[in-house]
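Visitor: no FASTA, just this:
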């Protein structure tokens, strides 16, 4: 541990500057005009891995954005860790809510403020620097491979095919990921489950053109009104989703596991205060942590239509739109849920409108066993750095590609996240505490050490 601490302390300023160079690349995968920035980020990752000590690194083409792959193979008899991270980031809107330019990283109050500071450039970069530390100090105990993709924030549509095409190159014993979080800076945790995701865009069309709301209002159905009414019917008064068949494959978590989940520290008043709400809501009969970890959810992510410019315009719009997502639990198939939603949403539409539903992306949920060597190695590494045994938690978020890895590559993933709820990922003023960044770099080499030791005894 002393050697790790000394290396991090001696190089911390350089680590930050190199991370900042990556953050300054506006690699927003959902914006098609950002393709050049995606390649710039991919090439930056390639050089980062080579400088850190990789034997080789290359930028690979996919049907969409590029993937950077690198490796250092020291002994075929040793286990292999495959590190996964993503170079793409979310859009920055609403830009006016940022306190500093999103792609100009700034350190304030001991935190890095920038888009991608946490998700996932900051967390991904910890692995590059931990790898460099092990190479430069001659302490790398096993083989390492890196796979850095450019489409995670849009559902990784190309990576599954790329993995299928490169199965031999990607062979490993475990996939190591830092794209999740911890309960608190002083309460380490390891994510053992992820919810799946189904995501749609819906279009409701009424009259063939926008109409005068005075002449036609009250006689012609308003698509925005209809859309709001349809959305309201998607959940009942108890918070349950009303789509027929939606819960057919939802596994009820045993009472024993619910008791373990309840041991995770949680203060409802602090929770509400942090997000400035007076009251929480959700499915009846479940705690907040259960609602976000072991139960599915349904949310409207965006809704628009009609006139939204300055001042008034008395218009009855022709169309209304919404983007809708459902977080799923393991065992729910996102493609089946996508079809169930599509059929139900069209069936509840009145004859006064036409409805079109487009599935945008989705992914399966994932559960990591807590008795495998990789989990135990992660547990031991966190304990050494943070002084406490990490709590296993199920995350409400989704990383759809994780389940694809298991399906295509046949490899389990361990989710060693260091982000915090206060990091505001996907939101204005995303940030990442410096302490978490450096603690991550210190923890990861210990994972390698213990994983290599435990793998010998398999």
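Guide: Received, thanks. Being a predicted model, the structure only gives us computed values, none of them experimental.
Visitor: C-alpha only now, for contacts and for neighbours.
Guide: Noted.
Visitor: next secondary structure after the helix or strand harbouring residue 382?
Guide: Assigned by DSSP states H and E, residue 382 belongs to helix 373-386. For helix 373-386, the following helix or strand on the C-terminal side (DSSP H and E) is strand 391-394.
Visitor: which SSE is immediately downstream of that next one?
Guide: Strand 391-394 is succeeded, C-terminally, by helix 400-409 (DSSP H and E).
Visitor: can you count the residues close to residue 57?
Guide: 22 (other Cα atoms under 10 Å).
Visitor: next one: the one 5 residues further on
Guide: Other residues lying near residue 62 total 15 when counted by other Cα under 10 Å.
Visitor: my read: it touches residue 157, true?
Guide: No - between residue 62 and residue 157 there is no contact under Cα atoms under 8 Å: 9.7 Å.
Visitor: residue contacts, residue 372?
Guide: Residues in contact with residue 372 (Cα atoms under 8 Å, 6 or more residues apart in numbering): none are found.
Visitor: quick one, helices of this structure?
Guide: Ranges of helices within the chain are 2-23, 35-52, 121-136, 159-165, 213-216, 223-232, 255-261, 268-275, 288-293, 334-347, 373-386, 400-409, 434-456, based on DSSP state H.
Visitor: could you say what helices and strands the fourth one packs with?
Guide: Judged by 3 or more Cα pairs under 8 Å, 6 or more residues apart in numbering; DSSP states H and E, the packing partners of helix 159-165 are helix 400-409.
Visitor: the second one now?
Guide: In terms of contact count using 3+ Cα pairs under 8 Å, 6+ apart, helix 35-52 is assigned the packing partners strand 56-60, strand 67-72, helix 121-136.
Visitor: so which of these gets nearest residue 1?
Guide: helix 121-136 (11.8 Å; Cα to Cα).
Visitor: taking helix 2-23 as reference, get the angle to the closest one.
Guide: Put simply, helix 121-136 runs at 140 degrees to helix 2-23, going by axes from the mean of the first three to the mean of the last three Cα atoms, to 10 degrees.
Visitor: give me the contacts around helix 121-136.
Guide: 4, 7-8, 15, 19, 22-23, 48-49, 51-53, 83-87, 116-117, 140, 178-179, 417-419, 432, 437-438, 440-442, 444-445.
Visitor: and for stretch 221-228?
Guide: Contacting residues not belonging to stretch 221-228 are listed as 204-206, 304-306, 316-321, 349, 352-353 [Cα under 8 Å, 6+ apart].
Visitor: 7 Å - rerun?
Guide: Stretch 221-228 is contacted by residues 204, 205, 206, 305, 316, 317, 318, 319, 320, 352, 353 when judged by Cα atoms under 7 Å, 6 or more residues apart in numbering.
Visitor: and the worst-scoring helix or strand of the chain on mean pLDDT, how far out from the chain middle?
Guide: For the chain, counting by mean pLDDT, DSSP states H and E, helix 255-261 ranks last in confidence among helices and strands (a mean of 77). With Cα atoms, centre = their mean, to the nearest Å as the basis, helix 255-261 stands 25 Å off its chain's centre.
Visitor: mind giving me the packing neighbours of it?
Guide: On a contact count with 3 or more Cα pairs under 7 Å, 6 or more residues apart in numbering; DSSP states H and E, helix 255-261 meets no helix or strand.
Visitor: buried residues in that helix?
Guide: 258, 261 (16 or more other Cα atoms under 10 Å).
Visitor: contacts for it?
Guide: Outside helix 255-261, the residues that touch it by Cα under 7 Å, 6+ apart are residue 393.
Visitor: try 6 Å
Guide: Counting by Cα atoms under 6 Å, 6 or more residues apart in numbering, helix 255-261 makes contact with no residue outside itself.
Visitor: what do you get for stretch 190-201?
Guide: Here stretch 190-201 has contacts from 322-329, 334, 357-368, 392-398, 415-416, using Cα under 6 Å, 6+ apart.
Visitor: filter these to the buried ones?
Guide: For the contacts of stretch 190-201, a burial check counting by 16+ other Cα under 10 Å picks out 322-329, 334, 357, 359-368, 392-398, 415-416.
Visitor: and this protein, what are its domains?
Guide: 2-194+366-456, 196-250+296-363 (automatic domain parsing).
Visitor: just the buried residues of stretch 348-357, please?
Guide: Across stretch 348-357, burial judged by 16+ other Cα under 10 Å covers 349, 353, 355, 357.
Visitor: coming back round to it: among the contacts of stretch 190-201, which ones are in strands?
Guide: Taking DSSP state E, the ones among the contacts of stretch 190-201 that sit in strands are 322-328, 357-363, 366-367, 392-394, 415.
Visitor: from residue 2, how far out is the residue nearest to residue 409 when sequence neighbours are not counted?
Guide: Closest residue to residue 409 apart from its sequence neighbours, by Cα to Cα, 6 or more residues apart in numbering: residue 167 at 6.4 Å. Per Cα to Cα, to the nearest Å, residue 167 is found 38 Å from residue 2.
Visitor: with neighbour numbers in mind, choose between the two.
Guide: Counting neighbours by other Cα under 10 Å for residue 167 and for residue 2 shows that residue 167 has the greater number, 14 against 6.
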